[in-house]
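A.B. asks: I'd like to go over a predicted model; first the sequence, then the structure.
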Amino acid sequence: MQNDKPFIIGGQTFHSRLIIGTGKYPDFATMQKAHEASGAEMVTVALGRVKLDGRDDENILNFIDGKKYTLLPNTAGAYNVADALRISRLSRAQGFKYLKLEVLFDAKTLLPDPLATYEAAKKLVEEDFTVMVYTSDDPVLAKKLEDLGVAAVMPAGSPIGSGQGVINENNIRMIMESLACPVIVDAGMGTASDLAKAMELGVDGILCNTGVAAAQDPVAMARAFALATEAGRLAYLSGRIPRKLYGSASSPQEGLR
């Protein structure tokens with residue numbers, strides 16, 4: 001887009017600001033078609049759940065074109081620092097550059113554990129991982145994570161898979177004001193308008209999975225998410241008109257009799 005800053009993560013420039021997931025699709029063929037329709041260039045996968053020793057048709061990595069997509073392994077399923085570090089080191093052993101750190105508090109809320117997330121992020125940055133960290137929408141924690149040296153901060157729009165969109169827009173705005181690293185809204189997107197509204201806040205990108213994978217037509221929804229991401233970004237750059245209590249005539253009133 002004209003007059004837009006590049007979307008750079010860990011030294012790599014991406015043209016699409018939408019990052020897509022791999023879970024919950026009815027089958028791998030549908031997942032592949034949805035990835036194509038999304039226009040995404042980065043795809044995230046829960047490395048701890050990949051069947052590396054199974055049949056080729058059971059290994060999700062065989063259905064993601066490594067020449068077309070940058071793979072973002074994530075630590076989904078980690079509920080403590082030790083598990084997050086173990087999965088992270090497994091990703092490094094397989095040669096992946098990026099890592100999405102995710103340390104959840106419990107399986108019911110699926111909310112990030114702020115203390116464990118910070119501790120794990122600190123250790124991974126010290127080990128020179130390119131860390132994109134999933135966190136709550138707390139502006140203070142977001143800043144502290146950036147100060148550690150993470151590659152991107154990824155505040156939750158709303159709980160994982162909830163489809164509520166961005167619940168607390170003010171917190172996302174505060175995060176955007178205080179951080180220099182990329183800010184990517186992660187989780188909670190239910191439909192295209194959720195992504196457009198999130199992008200209109202000025203965030204650098206969006207990561208989503210369930211809203212596409214669990215839709216009645218995942219491929220069509222992936223395309224809708226792509227268009228919404230682009231439209232929201234363009235609207236943010238264009239500058240919306242201020243909200244007013246009363247109407248304002250769109251035609252000049254001068255000279256009317």
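C.D. replies: Received it, and whenever you're ready, just let me know what you need.
A.B. asks: which stretches of the chain form helices?
C.D. replies: 28-38, 81-93, 114-126, 139-148, 169-178, 192-200, 210-213, 218-238 (DSSP state H).
A.B. asks: apart from its neighbours in sequence, what residue is nearest residue 26?
C.D. replies: residue 218 (7.6 Å; Cβ to Cβ, 6 or more residues apart in numbering). Backbone N, C-alpha and C define where each C-beta goes, glycine included.
A.B. asks: okay, now that neighbour: neighbour count?
C.D. replies: Neighbours of residue 218 under the rule other Cβ atoms under 10 Å: 22.
A.B. asks: and what of residue 170?
C.D. replies: Residue 170 has 11 neighbours, counted by other Cβ under 10 Å.
A.B. asks: which residue is nearest the centroid of this protein?
C.D. replies: residue 207 (2.1 Å; Cα atoms, centre = their mean).
A.B. asks: quick check, pLDDT for that one.
C.D. replies: Looking at residue 207, its pLDDT is 97.
A.B. asks: and it, how far is that from residue 182?
C.D. replies: 11 Å (Cβ to Cβ, to the nearest Å).
A.B. asks: may I have the phi/psi pair for the residue nearest to residue 31 when sequence neighbours are not counted?
C.D. replies: Nearest residue to residue 31, sequence neighbours excluded (Cβ to Cβ, 6+ apart): residue 25, at 4.0 Å. Main-chain torsions, residue 25, degrees, to the nearest 10: phi -70, psi 150.
A.B. asks: burial count for residue 25?
C.D. replies: Residue 25 has 21 nearby residues by other Cβ under 10 Å.
A.B. asks: now do the contacts for it.
C.D. replies: Residue 25 makes contacts with 31, 34, 213, 218, as judged by Cβ atoms under 8 Å, 6 or more residues apart in numbering.
A.B. asks: what sits against residue 88?
C.D. replies: Applying Cβ under 8 Å, 6+ apart to residue 88 gives the contacts 75, 99, 101, 120, 124, 129.
A.B. asks: the first one touches residue 101, doesn't it?
C.D. replies: Yes - using Cβ atoms under 8 Å as the test, residue 75 is close enough to residue 101 to be in contact (5.7 Å).
A.B. asks: shared neighbours, these two?
C.D. replies: Listed as contacting both residue 75 and residue 101 by Cβ under 8 Å, 6+ apart are 84, 88.
A.B. asks: neighbour-wise, which of the two wins?
C.D. replies: Neighbour comparison, residue 75 and residue 101: the larger count goes to residue 101, with 28 against 25 (by other Cβ under 10 Å).
A.B. asks: and the nearest residue to the more buried one once chain neighbours are set aside, how close does it get to residue 181?
C.D. replies: Nearest in space to residue 101, with sequence neighbours left out and distances taken as Cβ to Cβ, 6+ apart, is residue 133 at 4.6 Å. Going from residue 133 to residue 181 by Cβ to Cβ gives 10 Å.
A.B. asks: who has more neighbours out of those two?
C.D. replies: Of the pair residue 133 and residue 181, residue 133 is the one with more neighbours under other Cβ under 10 Å, namely 29 against 18.
A.B. asks: wait, the more buried one sits on residue 113?
C.D. replies: No - assessed by Cβ under 8 Å, residue 133 is found out of contact with residue 113, at 12.0 Å.
A.B. asks: picking up where we left off before, anything in contact with each of residue 133 and residue 181?
C.D. replies: Here residue 133 and residue 181 have 150, 152, 153 as joint contacts, going by Cβ under 8 Å, 6+ apart.
A.B. asks: in a markdown table, list those residues along with pLDDT.
C.D. replies: Output for the shared contacts of residue 133 and residue 181, formatted as a markdown table (pLDDT from 0 to 100):
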| residue | pLDDT |
| --- | --- |
| 150 | 97 |
| 152 | 97 |
| 153 | 98 |
